[in-house]
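A.B. asks: My questions concern the predicted model and sequence given below.
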Amino acid sequence: MSGSSEGVTGVVERPRADVTVRGDGRLTVGVRLPPAAGTSPQLLFQRRPKKGQPQETGRVVALEPAGEDRWRAVLDAAPAFEEGRWDAYVVGVPGEERMALLPGLRDLRELVSGGGTAPLAVRIPYVTKDGRLAVRAWQRATHAEAGRIMLGDDSMTVTARLFGARLGEGASVSLVRRGQASDVLKAALRAEGDQDFSFTIDCRELAPGSGEPVVWDMFVHPATDAPRIRVARLLDDVSDRKGIFVYPAVVLGGVSACPYYTVDNDLSVEVTSSGTG
C-alpha cells in the first residue's frame, strides 16, 4: 500500500480524519483529502482478523462533499461493529487501492457514560502504534466500567458503574484466581443507587500460599445468583491500557499486590512474593 500517488492533479496526499463520537452511538467522520479527477471516495473500515483467520469483508460508507478538500460521512449506531479493532481507510482514489487514514481531532465528549439496562455497544477512535486511525469496537450484553482505583496501606478500593444490568439484593464482588476457577474470594459491595458501586479488597487475603505469582480477576455479581460481569475499563480513548496505566503496589510483609489492566482492558490484581516479581 502506497502513501501517495501521481494522478492528474499531482500527488495525492495521505488523508486525515477528524472523528466525533455522538451520544446516540453515531460516528461523524470528516476527511481532509485534496481533490483528484473522477474521485468518488468512500470510507472503508476493515476489522483485523484473529490469528489464523481470513480477512473479513469490511464496512464501506460513502463520503459526501463538505467544502474545499473536505468530505464527510456519518456512521449510524446500527448495525453495530463486531467487537474488535477496525482499521480506517479511504478507497476510490485514482491510483490507490486503499489509503490508510491519518488521525486528526478525536472528540469523545459525548461518549456514553450513563449506564442503564441497555447492552453496551460503543466504537472508540484511537491512534495505532504506527500512527494510523482505527476504531476499537466493544459489544457487551453486560459490563462493569472501572473508575477510580485508590490504594491504601493494606487494601485497594475500586469504583465502577454497571451497564446492561442493575444492582439488586445480594450484589457482591468476586476475585477469581486465574487458572484455578474454584479459588474465589468475595468482597463486600457498596451500592450508590442501582448502577454505581465501589468495593474494597483486603490485600492480605490475596497472598499466594505457594510463593509463586498469582493473578486475581475481578467480577461483580449484580444480585444473588446473577451471572458475574467482568470489571474492565473500556469507555475512553486509551485502547491499550496495560502499558500506559501503571499503578504502584500495596506491599505487605514481603508480598506485593498490584492492580493492572490486561491486554483486553480487564481489571486484575497480580500478587507476588519477595524475590518472584
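C.D. replies: Cool, the structure landed. Residues are numbered from 1 along each chain as shown.
A.B. asks: what lines up beside the strand or helix carrying Ser268 in the sheet?
C.D. replies: Ser268 belongs to strand 267-273 when elements are defined using DSSP states H and E. Strand 267-273 has the following strand partners under DSSP bridges: strand 214-221 (antiparallel), strand 255-261 (antiparallel).
A.B. asks: can you give me the mean pLDDT across the longest one?
C.D. replies: For strand 214-221, mean pLDDT rounds to 97.
A.B. asks: Now that strand: buried residues?
C.D. replies: 214-221 (16 or more other Cβ atoms under 10 Å). C-beta here means a position set from N, CA and C on the backbone, and glycine is covered the same way.
A.B. asks: quick check, nearest of those residues to Leu267?
C.D. replies: Comparing these against Leu267 with Cβ to Cβ places Met218 closest, at 5.0 Å.
A.B. asks: quick revisit: residues making contact with the strand holding Ser268?
C.D. replies: Under the criterion Cβ atoms under 8 Å, 6 or more residues apart in numbering, residues 146, 149, 156, 158, 175, 178, 201, 203, 206-208, 211-218, 231-233, 254-262 lie in contact with strand 267-273.
A.B. asks: center of the protein, which residue is that?
C.D. replies: Leu234 (3.7 Å; Cα atoms, centre = their mean).
A.B. asks: excluding its backbone neighbours, what's nearest that one?
C.D. replies: Trp138 (5.0 Å; Cβ to Cβ, 6 or more residues apart in numbering).
A.B. asks: Please verify my assumption that that neighbour contacts Glu145.
C.D. replies: No - look at Trp138 against Glu145 with Cβ atoms under 8 Å: they stay out of range, at 10.4 Å.
A.B. asks: These two: which has the busier surroundings?
C.D. replies: In this view Trp138 and Glu145 are compared by other Cβ atoms under 10 Å, and Glu145 has more residues nearby, 23 against 19.
A.B. asks: pLDDT at the residue lying closest to that one once chain neighbours are set aside, what is it?
C.D. replies: Distances taken as Cβ to Cβ, 6+ apart put Arg161 closest to Glu145, at 4.8 Å, once the chain neighbours are dropped. Arg161 is assigned a pLDDT of 95 by the prediction.
A.B. asks: any idea how far Arg161 is from Gly211?
C.D. replies: Noted for Arg161: a distance of 37 Å to Gly211, by Cβ to Cβ, to the nearest Å.
A.B. asks: I appreciate the help and will end here.
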